[in-house]
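**Student:** Let me see the structure of the following:
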Amino acid sequence: MAKITITQTGSPIRREASQRATLVGLGLNKMHKSRELEDTPEVRGMIRKVQHMVKVEG
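**Tutor:** Residues are numbered from 1 along each chain as shown. As a prediction, this is how the structure comes out:
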């Protein structure tokens, strides 16, 4: 599978609890932290939910 790099660019302050939980599920809990994850439909769905707070590369 292909790998994608996800970087948190927005703060979860004043966001819905489900969006905060999605960031934690992606392994992001601090600003400008990056994670390399498998490009699966599940991960893409999580990214779509918090697309305004993350940057996706690759």
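**Student:** Next one: V50 from G10, what distance?
**Tutor:** According to C-beta to C-beta, to the nearest Å, V50 stands 8 Å off from G10. Heads up, the C-betas are built off the backbone N, CA and C, glycines and all.
**Student:** Compare those two (neighbour count), which wins?
**Tutor:** The neighbour comparison of V50 against G10 (other C-beta atoms under 10 Å) goes to V50, with 23 against 15.
**Student:** hang on, that one packs against L23?
**Tutor:** Yes. With contact defined as C-beta atoms under 8 Å, V50 counts as touching L23 (5.9 Å).
**Student:** Quick one: neighbours of the nearest residue to L28 once chain neighbours are set aside, just the number.
**Tutor:** Here the nearest residue to L28 in space, its sequence neighbours aside, is Q8; by C-beta to C-beta, 6 or more residues apart in numbering that works out to 4.2 Å. Counted by other C-beta under 10 Å, the residues lying close to Q8 total 21.
**Student:** again, but for L26
**Tutor:** Quick note: L26 (other C-beta under 10 Å) scores 19 neighbours.
**Student:** contacting residues around it?
**Tutor:** If you count contacts by C-beta atoms under 8 Å, 6 or more residues apart in numbering, L26 has them with 6, 35, 37, 43, 46-47, 50, 54.
**Student:** cutoff 6 Å now
**Tutor:** By C-beta atoms under 6 Å, 6 or more residues apart in numbering, the contact set of L26 is M46.
**Student:** Now it, what are its backbone angles?
**Tutor:** The phi and psi values for L26, taken as degrees, to the nearest 10, are phi -80, psi -10.
**Student:** okay, it: pLDDT?
**Tutor:** Note for L26: predicted pLDDT of 98.
**Student:** phi, psi of S34?
**Tutor:** Torsion angles, degrees, to the nearest 10, at S34: phi -120, psi 150.
**Student:** hang on, it packs against T7?
**Tutor:** Yes. Applying C-beta atoms under 6 Å, one finds S34 in contact with T7, separated by 4.4 Å.
**Student:** Which residue ranges of the chain form strands?
**Tutor:** Ranges of strands in the chain, per DSSP state E, are 3-8, 34-38, 54-57.
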